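**Q** Fold the following and give me the result.
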Amino acid sequence: MIKLKIGGRVLIGYIIVLALIIIIGCIVFFNLKTINGNFHWVIHTDEVLRNAERLKKLVVDMETGERGFMITGKDEFLEPYNQGWDDFAKLIAAQKNLVSDNPPQVKRLEEIEKNVYQWKNIIAIPLIAKRREVTQQKIDYQEIINIISKAEGKKIMDTIRGQFDEFTNIEIQLMTKREKDTNSVISSMEILITALTLAAIIVGVIIALLITRSITKPLSGLLNTLNSIEQKGDFSTKIDIQSQDEVGQVGNALNSMMAVFQDMNSDVIKLANSAIAGQLSTRADTSKYQGDFKRIISGINNTLDTVVLPIQEASNVLQQLKEGNLNVMVKGNYSGDHAIIKENLNDTILSLKNYIGEISTILVKMAEGNLNIEVTGDYKGDFINIKKALNNIIDSFNLILNQIANGSNEVLASANQLSTASQSLSDGANEQTSSVEEIVTSLAEVGAQVKQTAENANTTNGVMVVTRQKAIAGNNEMKALLNAIEDLNNTSEKISKIIREIESIAFQTNILALNAGVEAARAGHYGKGFNVVATEVRNLAMRASASAKETSELIEETIKKINSSSKLTGNTADILNDMMGNINQVTELVGQIAIAANEQNSAVTNVSNSIDHIAKITMSNSAASEQMAASSEELTGQAESFRQMSNQFELKKLHYSQK
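**A** Below you'll find the model as predicted:
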């Protein structure tokens, strides 16, 4: 076996084990066919038993329907009786077809069918006809009681039940026998399979041990040599294998590979020493290698080229940045960590370019007089402080120039007032000028108060309009709530009617259960089971009646609470309607106040304009006022010039209080 290849040894072992597995499979296959046949008959018998139970249930349902009609005289109780005959005919035919392989069972089914139709023709149909005559008051119900007391129908039904039990017992015996046969086959198969499996395992283990020993022994020597090479790291170690199979071939191949590793090791050491010395242009000679070894050495050379190239380009880019050129980028096509370095360096350059570009734009706009600006870029690190400092400078300029503009406006206003006052002076009109000034001052105060009153009235009018709209919306929601409560009340009354109907049904069910108990008592020993069912039905009917009564009481209490809520909601709706009238009236009054205030504001403005005209006439008569007017005009010109200079700057709208 040692001269054989490893594949040949393993193949012989597999063939032996496979032969044993095929033998086991054939035995399992033939036994499974036998078991499958037995299972088929077990399933067949189970279907026959289920059909027998359904036939028996149909007969019981037909008898129950007939009894229900006997008690109540209502045709709806005959529905299971009438429907049962069609289902019985179809199911008995299907059952005969299923047991057609067993003539005695077919005969028993025919006897059951005969007795069922005998019960129908002799007992059920005449009794149903008599009950209809009782309903029509043609005969007395006592006549039906006398017929039932003879128990002829009970005897037929007892015979039918016995026949069903006999039929079912025979089928159960057949199924039990087939299950025993199946279990016997399974037990035999288990024993045989276990024995053959153990034999296959033993043979497989013996073959595996032999093959493993013939392979592992030379491999152990090979592994020991490789471990020695791994621990010492000496590629000059030779592997000595005497075997001529694949393991020997592996040893010879490893010896050849060790020689290649020695050459590769020398080249790698040479490249490493050159890289340490900074000689990045040194490369290994790839012509000494073949295949993947050549690709490995070429890969090392390419790796060095790939490492050096981005370093050189990055150095050039940084040199350009040093000289102030922000339009330079790293453009080489790199991957891995080099791509990350490229992306980070380009992002840094782009960020610097964006930061400096935005700051330059801001400074240009400031130089052009536009101070309504702000540095809004997303800055990071120390650039955030630069952004904050520049924005603070802009805000400071805005604050100072706004204060200068406000001061110039105040100076201009004061100069205008001084000019107006100087022209109001005239020779011989000092008292008149004082009076005019007092009137002007009073009218200014009155005008400001009237204007404020008009603004407040207009604001109040707007608020009242919004309040009126909200009140209308609330009133509509309240009406919708009233409608919803009315619908809920109607629904509760309908539920109450349904609960009363359930109470009536529970009462009738209780009566039917009592009648069923009486019939069961008459049936004696055979009616005990039915008597238990009737008692449970009566208990359920009583519980249903009690639950329905409690539910009815709860619903009536709910209806009362709903009616109370409806009254409260109606009162709320009335209050809202009254509020709507008051809100409308207040809105109209506030509107009238706003109109009157606006008219007063116009009148005061007209009076103020007239007084100003009088003041100008009095000023023209004063020689002293001319000199003062000239001075004030000069002051006004300077203030206007100062204001125009400040208006050259576009400022932010600052919100602050000036003291």
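
**Q** Could you use CA atoms for every contact and neighbour count after this?
**A** OK.

**Q** So which residues of the stretch 401-550 of the chain form helices?
**A** Taking DSSP state H, counting those that start in this stretch as the test, the helices found in the stretch 401-550 of the chain are 430-523, 528-620.

**Q** Mean confidence (pLDDT) on the helix or strand just after the shortest one, please.
**A** Per DSSP states H and E, helix 528-620 leads on to helix 623-647 as the next helix or strand towards the C-terminus. This predicted structure assigns helix 623-647 an average pLDDT of 74.

**Q** before we move on, what about stretch 485-493?
**A** 76.

**Q** CA atoms only: put that stretch into PDB for me.
**A** Below are the C-alpha coordinates for stretch 485-493, written out as PDB (Å, rounded to 0.1, in the frame of the first residue of the first chain):
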ATOM      1  CA  ILE A 485     -73.400  63.000  21.500                       C
ATOM      2  CA  GLU A 486     -76.800  62.600  19.900                       C
ATOM      3  CA  ASP A 487     -75.400  59.800  17.600                       C
ATOM      4  CA  LEU A 488     -73.900  58.100  20.600                       C
ATOM      5  CA  ASN A 489     -77.200  58.300  22.400                       C
ATOM      6  CA  ASN A 490     -79.000  56.700  19.400                       C
ATOM      7  CA  THR A 491     -76.400  54.000  19.200                       C
ATOM      8  CA  SER A 492     -76.700  53.200  22.900                       C
ATOM      9  CA  GLU A 493     -80.500  52.800  22.600                       C
END
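
**Q** Outside of that stretch itself, list whatever touches it.
**A** The contact list for stretch 485-493 (C-alpha atoms under 8 Å, 6 or more residues apart in numbering) reads 555, 558, 559, 562, 563, 565, 566.

**Q** The last one is in contact with residue 482, isn't it?
**A** Yes. Proximity of residue 566 to residue 482 meets the contact threshold set by C-alpha atoms under 8 Å, at 6.5 Å.

**Q** tell me, how many neighbours does residue 67 end up with?
**A** Neighbours of residue 67 under the rule other C-alpha atoms under 10 Å: 21.

**Q** What helices and strands are in contact with the strand or helix carrying it?
**A** Assigning secondary structure by DSSP H and E places residue 67 in helix 6-72. For helix 6-72, the packing partners by 3 or more C-alpha pairs under 8 Å, 6 or more residues apart in numbering; DSSP states H and E come out as helix 79-98, helix 125-135, helix 152-232, helix 430-523.

**Q** Report the rounded mean pLDDT for stretch 76-84.
**A** Stretch 76-84 comes out at a mean pLDDT of 89.

**Q** got the buried residues for it?
**A** Using 16 or more other C-alpha atoms under 10 Å as the test for burial, stretch 76-84 gives 77, 78, 80, 81, 84.

**Q** Cross-check the contact I'm expecting between the second one and residue 70.
**A** Same thing as residue 78. No. In this structure, residue 78 is not within contact of residue 70 by C-alpha under 8 Å, at 9.6 Å.

**Q** what is the orientation angle of the helix holding residue 67 with helix 125-135?
**A** Orientation of helix 6-72 against helix 125-135 (axes from the mean of the first three to the mean of the last three C-alpha atoms, to 10 degrees) gives an angle of 40 degrees.

**Q** Tell me what angle helix 6-72 forms with helix 430-523.
**A** Going by the same axes, to 10 degrees, helix 6-72 makes 80 degrees with helix 430-523.

**Q** Quick one: work out the angle between helix 6-72 and helix 79-98.
**A** Using the same axes, to 10 degrees: helix 6-72 against helix 79-98 is 140 degrees.

**Q** So what's the residue count around the residue nearest to residue 455 when sequence neighbours are not counted?
**A** In space, residue 455 comes closest to residue 594 once its chain neighbours are excluded; the distance is 7.9 Å by C-alpha to C-alpha, 6 or more residues apart in numbering. The tally of other residues near residue 594 (other C-alpha under 10 Å) stands at 21.

**Q** again, but for residue 314
**A** Residues near residue 314, counting by other C-alpha under 10 Å: 19.

**Q** Check residue 168 too.
**A** Neighbours of residue 168 (other C-alpha under 10 Å): 19.

**Q** In contact with it: list those residues for me.
**A** 49, 52.

**Q** if we can go back for a sec, a markdown table for the helices and strands packed on helix 6-72, including distance to residue 409?
**A** As requested, the helices and strands packed on helix 6-72 are exported to a markdown table (distance: least, C-alpha to C-alpha, whole Å):
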| stretch | distance to residue 409 |
| --- | --- |
| helix 79-98 | 104 |
| helix 125-135 | 113 |
| helix 152-232 | 93 |
| helix 430-523 | 19 |
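
**Q** can you tell me which of those comes nearest to residue 110?
**A** helix 79-98 (8.4 Å; C-alpha to C-alpha).

**Q** How about the closest one, which residues are buried there?
**A** Neighbour-count burial for helix 79-98 [16+ other C-alpha under 10 Å]: 80, 81, 84, 85, 88, 91, 92, 95, 96, 98.

**Q** Among those residues, which one lies nearest to residue 504?
**A** Using C-alpha to C-alpha, the buried residues of helix 79-98 come closest to residue 504 at residue 80, 22.6 Å.

**Q** give the contact list for the closest one.
**A** Contacts of residue 80 (C-alpha under 8 Å, 6+ apart): 61, 62, 65.

**Q** what about 6 Å?
**A** 62, 65 (C-alpha atoms under 6 Å, 6 or more residues apart in numbering).

**Q** pLDDT below threshold where in the stretch 551-659 of the chain?
**A** Along the stretch 551-659 of the chain, segments meeting pLDDT under 70 span 614-615, 617-626, 628-629, 654-659.

**Q** how close does residue 533 sit to residue 540?
**A** Distance check for residue 533 against residue 540: by C-alpha to C-alpha, to the nearest Å, it reads 10 Å.

**Q** can you check residue 8 too?
**A** Residue 8 is 81 Å from residue 540, by C-alpha to C-alpha.

**Q** Looking at the two, which has the bigger crowd around it?
**A** Shown here are residue 8 and residue 540; by other C-alpha under 10 Å, residue 540 has more neighbours (16 against 12).

**Q** Report pLDDT for the more buried one.
**A** pLDDT, read off for residue 540, is 80.

**Q** With residue 135 instead?
**A** On pLDDT, residue 135 comes in at 88.

**Q** now swap in residue 224 and tell me
**A** The predicted local confidence for residue 224 is 71.

**Q** ok, it - contacts?
**A** Neighbouring residues of residue 224 by C-alpha under 6 Å, 6+ apart: there are none.

**Q** any idea how far residue 269 lies from residue 262?
**A** 11 Å.

**Q** mind saving the C-alpha coords of stretch 22-37 as PDB?
**A** Output of stretch 22-37 as PDB, limited to C-alpha atoms (Å, rounded to 0.1, in the frame of the first residue of the first chain):
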ATOM      1  CA  ILE A  22     -25.400   0.700  -0.600                       C
ATOM      2  CA  ILE A  23     -26.300  -2.600   1.100                       C
ATOM      3  CA  ILE A  24     -27.900  -0.600   4.000                       C
ATOM      4  CA  GLY A  25     -29.700   1.700   1.600                       C
ATOM      5  CA  CYS A  26     -31.200  -1.300  -0.300                       C
ATOM      6  CA  ILE A  27     -32.500  -2.800   2.900                       C
ATOM      7  CA  VAL A  28     -33.900   0.500   4.100                       C
ATOM      8  CA  PHE A  29     -35.600   1.100   0.700                       C
ATOM      9  CA  PHE A  30     -37.400  -2.300   0.600                       C
ATOM     10  CA  ASN A  31     -38.500  -2.000   4.300                       C
ATOM     11  CA  LEU A  32     -39.700   1.600   3.700                       C
ATOM     12  CA  LYS A  33     -41.900   0.300   0.800                       C
ATOM     13  CA  THR A  34     -43.500  -2.100   3.200                       C
ATOM     14  CA  ILE A  35     -44.000   0.600   5.900                       C
ATOM     15  CA  ASN A  36     -45.400   3.000   3.300                       C
ATOM     16  CA  GLY A  37     -48.000   0.400   2.300                       C
END
